[in-house]
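**Student:** Here is the input, now give the coordinates:
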Amino acid sequence: MSNPQASAREAVPVSEYVRGTFVPLSHLPHDWEMHSAVSLTPAEERTMVREPAQAVPAVIAQRLGTLRVLVVPFVACSEAGDLVTFTKPEGETHSAVWVDAAEQIFLVLPCRELDAHDTGFEFLASVAELLRPRLLPEELERFTQLLDEELRAGVAGEIDEDALAAKQPLLSSRVRRQGHGRLERYRDISFVSTLAEYMHGLWHDVQVRVGPEHLPLSPLRRRMKLLAEMFPPNPGYSVFAKELEEE
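**Tutor:** Alright, predicted model coming up:
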């Protein structure tokens with residue numbers, strides 16, 4: 001348990017909460033740390049943060065630098081700023097927020113009323129979001145080229161709903177020619193979604209979703225191979241099942 005003074009209050013602004021004094025609950029891979037304002041079972045701690053953190057490729061962790069994961073009950077949306085709350089708030093909530101400070105990143109991860117696995121995936125999605133502005137120009141270019149090839153081939157599916165919504169207008173060649181800003185927005189959303197799913201697959205076996213709204217197997221495999229080239233898995237982790245890697 002950490003920051004008991006804060007937990008005695010009903011709600012604390014995230015910007016204030018991250019300035020508190022924390023005792024590490026757990027030292028994570030990559031010299032990252034985890035702190036918790038709630039009691040967690042060993043299984044919850046493993047699933048929410050430890051195992052997902054182990055799956056984050058070292059090259060990504062190095063790009064992010066020092067990360068402090070602060071597990072809290074809820075994060076409420078507020079016009080005055082996001083709030084860490086210790087009882088269920090009314091209105092909208094966040095699944096993750098972060099403060100990108102000069103020397104370290106504070107990732108605030110709410111966990112109440114969420115399955116531990118879902119919290120773990122939100123952790124990976126946050127890592128993907130944090131990496132995107134730290135990408136090298138050549139990495140952005142490689143991913144952009146891959147998406148452009150998919151669009152020209154008429155591949156309509158995507159990783160998730162957000163990426164699908166951003167992609168659909170660009171399936172028109174006219175919109176692609178005239179919508180450079182739309183293409184960049186789609187690229188950013190698609191990259192984050194794809195990287196999160198890449199790390200999800202490193203963490204544990206995942207089932208490939210099928211249907212017209214999802215990526216077909218071939219372009220999905222191309223994306224995973226590209227990310228594995230740019231951000232190689234840690235020793236002992238693999239992108240594909242052994243029989244697929246041998247093909």
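**Student:** got the buried residues for the host helix or strand of L202?
**Tutor:** Assigned by DSSP states H and E, L202 belongs to helix 180-203. By neighbour count on 16 or more other Cβ atoms under 10 Å, the buried set for helix 180-203 is 183, 186-203. (Each C-beta comes from the backbone N, C-alpha and C, glycine too.)
**Student:** ditto for stretch 214-225
**Tutor:** H214, L215, P219, L220, R221, R223, M224.
**Student:** same question, stretch 159-172
**Tutor:** I159, D160, A163, L164, A166, K167, L170.
**Student:** What is the nearest of the residues you listed to S36?
**Tutor:** D160 (27.9 Å; Cβ to Cβ).
**Student:** and the closest one, what does it touch?
**Tutor:** Residues in contact with D160 (Cβ atoms under 8 Å, 6 or more residues apart in numbering) are S193, E197.
**Student:** what's near enough to touch E113?
**Tutor:** Contacts of E113 by Cβ under 8 Å, 6+ apart are F74, K88.
**Student:** Name the SS class of it, please.
**Tutor:** Assigned with DSSP: H, G, I helix; E, B strand; the rest coil, E113 falls in the coil class.
**Student:** how near is it to V14?
**Tutor:** 19 Å (Cβ to Cβ, to the nearest Å).
**Student:** Spatially nearest residue to the most centrally placed residue in the chain (excluding sequence neighbours)?
**Tutor:** The centroid of the chain falls nearest to A125 when counting by Cα atoms, centre = their mean (1.0 Å). Closest residue in space to A125, ignoring its immediate chain neighbours: A196 at 4.3 Å, by Cβ to Cβ, 6 or more residues apart in numbering.
**Student:** same deal with L183?
**Tutor:** L170 (6.2 Å).
**Student:** rewinding a little: so which of the buried residues of stretch 214-225 belong to strands?
**Tutor:** Residues of the buried residues of stretch 214-225 located in strands (DSSP state E): none.
**Student:** want to throw the residues you listed into JSON lines with distance to S95 and pLDDT?
**Tutor:** As requested, those are arranged in JSON lines below (distance: Cβ to Cβ, whole Å; pLDDT from 0 to 100):
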{"residue": "H214", "distance to S95": "21", "pLDDT": "94"}
{"residue": "L215", "distance to S95": "23", "pLDDT": "94"}
{"residue": "P219", "distance to S95": "27", "pLDDT": "95"}
{"residue": "L220", "distance to S95": "24", "pLDDT": "94"}
{"residue": "R221", "distance to S95": "28", "pLDDT": "94"}
{"residue": "R223", "distance to S95": "23", "pLDDT": "97"}
{"residue": "M224", "distance to S95": "24", "pLDDT": "96"}
